[in-house]
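**Q** Got a predicted model here, sequence first, then my questions.
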Amino acid sequence: MFDLIGRHGIDCQPVRAGWLQLSYSDKAVPAMHARAHQWARRGVRVELLDRAAVARRVGTEAFAGGWLDGRAGAIQPLAYARGLVHAAQRAGAAVHGNTAVTALERQGTAWIASTRTGAQVRAQHVVIATNGYTGALWPGLAQTVLSANSFIVATRPLKPADAQAILARGETASTSQRLLLYFRKDAAGRLLMGGRGFFAEPRGPQDFAHLERSLELLFPQLGRLDYAYRWAGRIAITRDFMPHIHEPAPGVTMALGCNGRGIALCTSLGQQIAARLADSGHAFPYPVSPIVPIPLHGLQRFYIAAGVAWYSLLDKLG
């Protein structure tokens, strides 16, 4: 992803200072460090961190330990998406926003995509990569994922001294909990935290209160924080927590189910799909699977609520 940003000169505030995985629990630290050793055996530069080292790097004494993957970093996702669009346009692609495809019809060896306005596009290849916003365009596809909200809050820019004491090297961080929290600073010195949301769309600031409490408990030295932004977006959760690729018909490729890790995964999947379309002999490094709907998918609201309750209990037990 960072190579792509550099190649196309995408202005998306890239900072490649590493990713920290952090544990509140002493009991979880050995398993987390074992994961770090697995990556180290594959040649990844990792750093194991004890309680004191985490406190120095993160600016809080809330964590028992952690580890650093030096490959990772952070970007401004909207600027990245816009930069990819501009790069595609420079390469000759036509991009049409707010143009939902409502029907696909096979005609000979081609596909006819009909839009909401009645316009049609004829194509040899169709890619459906709608992730958490998958609808009824292809029968059964939406039923292969659970669509859940991820919420994010952002403070107003911190005082320079406070900002320097928190993630001073520009790292991103997330917790090792099943219902994880992720946080970082942006280029303006704002502190961002994201985590689980509700199934329904947020109705107002009160729906983000759990994230604000978590952030203020993590950094009590900051006192009561002032929040500038709150937003949400849908993620697609699969049964096996892995991305899925489907080729249900000639000329149709589908990719979805990034389970909250879509920025890097979608970039990788997009590159592989592009290579496949350019060369039909290109083999995906991911398995191509059939479309298998989740049983009783209509109850996904209850699945998500039950999963949140269960994972919350497991997190409390350590």
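**A** Structure's in. What do you need?
**Q** Could you use CA atoms for every contact and neighbour count after this?
**A** Fine.
**Q** Going along the chain, name the strands of the protein.
**A** Taking DSSP state E to define them, one finds strands in the chain at 19-23, 46-50, 65-69, 101-107, 110-115, 120-123, 126-128, 146-155, 172-175, 182-185, 191-196, 227-237, 244-249, 252-256.
**Q** Give me the residues contacting the first one.
**A** Translated: strand 19-23. 29, 32, 54, 63-73, 171-177 (CA atoms under 8 Å, 6 or more residues apart in numbering).
**Q** List only buried entries from those.
**A** Neighbour-count burial within the contacts of strand 19-23 applies to 29, 32, 54, 63-70, 72-73, 171-177; the criterion is 16 or more other CA atoms under 10 Å.
**Q** if I look at residue 46, how far off is residue 115?
**A** 48 Å (CA to CA, to the nearest Å).
**Q** just residue 91 next, same as before
**A** 24 Å.
**Q** the more surrounded of these two?
**A** Taking neighbours as other CA atoms under 10 Å, residue 91 and residue 115 compare with residue 115 leading, 16 against 9.
**Q** Please name the nearest non-neighbouring residue to that one.
**A** In space, and not counting its chain neighbours, residue 115 is closest to residue 101: 4.3 Å by CA to CA, 6 or more residues apart in numbering.
**Q** ok, now which ones touch the one you found?
**A** Contacts of residue 101 (CA under 8 Å, 6+ apart): 113, 114, 115, 116, 137.
**Q** same deal with residue 98?
**A** Contacts of residue 98 (CA under 8 Å, 6+ apart): none.
**Q** still on that earlier bit, could the strands of the chain be laid out in JSON lines, adding distance to residue 289 and mean pLDDT?
**A** What follows is the strands of the chain, written out as JSON lines (distance: least, CA to CA, whole Å; pLDDT from 0 to 100):
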{"stretch": "strand 19-23", "distance to residue 289": "31", "mean pLDDT": "96"}
{"stretch": "strand 46-50", "distance to residue 289": "33", "mean pLDDT": "96"}
{"stretch": "strand 65-69", "distance to residue 289": "30", "mean pLDDT": "96"}
{"stretch": "strand 101-107", "distance to residue 289": "21", "mean pLDDT": "96"}
{"stretch": "strand 110-115", "distance to residue 289": "22", "mean pLDDT": "97"}
{"stretch": "strand 120-123", "distance to residue 289": "23", "mean pLDDT": "96"}
{"stretch": "strand 126-128", "distance to residue 289": "15", "mean pLDDT": "97"}
{"stretch": "strand 146-155", "distance to residue 289": "17", "mean pLDDT": "94"}
{"stretch": "strand 172-175", "distance to residue 289": "30", "mean pLDDT": "95"}
{"stretch": "strand 182-185", "distance to residue 289": "30", "mean pLDDT": "97"}
{"stretch": "strand 191-196", "distance to residue 289": "28", "mean pLDDT": "94"}
{"stretch": "strand 227-237", "distance to residue 289": "16", "mean pLDDT": "95"}
{"stretch": "strand 244-249", "distance to residue 289": "5", "mean pLDDT": "96"}
{"stretch": "strand 252-256", "distance to residue 289": "10", "mean pLDDT": "96"}
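**Q** Output these as CSV; include the columns distance to residue 13.
**A** Putting these into CSV (distance: least, CA to CA, whole Å) gives the following:
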stretch, distance to residue 13
strand 19-23, 16
strand 46-50, 24
strand 65-69, 20
strand 101-107, 32
strand 110-115, 34
strand 120-123, 35
strand 126-128, 28
strand 146-155, 16
strand 172-175, 13
strand 182-185, 11
strand 191-196, 15
strand 227-237, 18
strand 244-249, 29
strand 252-256, 26
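**Q** I'd like to know which of the ones you listed is closest to residue 296.
**A** Residue 296 lies closest to strand 146-155 among these, at 11.3 Å (CA to CA).
**Q** how about the CA coordinates for that closest one, as PDB?
**A** Extracted in PDB, the C-alpha atoms of strand 146-155 (Å, rounded to 0.1, in the frame of the first residue of the first chain):
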ATOM      1  CA  LEU A 146     -22.700  -9.800   8.700                       C
ATOM      2  CA  SER A 147     -22.800  -6.000   8.200                       C
ATOM      3  CA  ALA A 148     -21.800  -4.200  11.500                       C
ATOM      4  CA  ASN A 149     -20.900  -0.700  12.300                       C
ATOM      5  CA  SER A 150     -17.500   0.500  13.500                       C
ATOM      6  CA  PHE A 151     -17.600   3.800  15.300                       C
ATOM      7  CA  ILE A 152     -14.800   6.400  15.500                       C
ATOM      8  CA  VAL A 153     -14.300   9.600  17.600                       C
ATOM      9  CA  ALA A 154     -11.700  12.300  17.100                       C
ATOM     10  CA  THR A 155     -10.700  14.900  19.700                       C
END
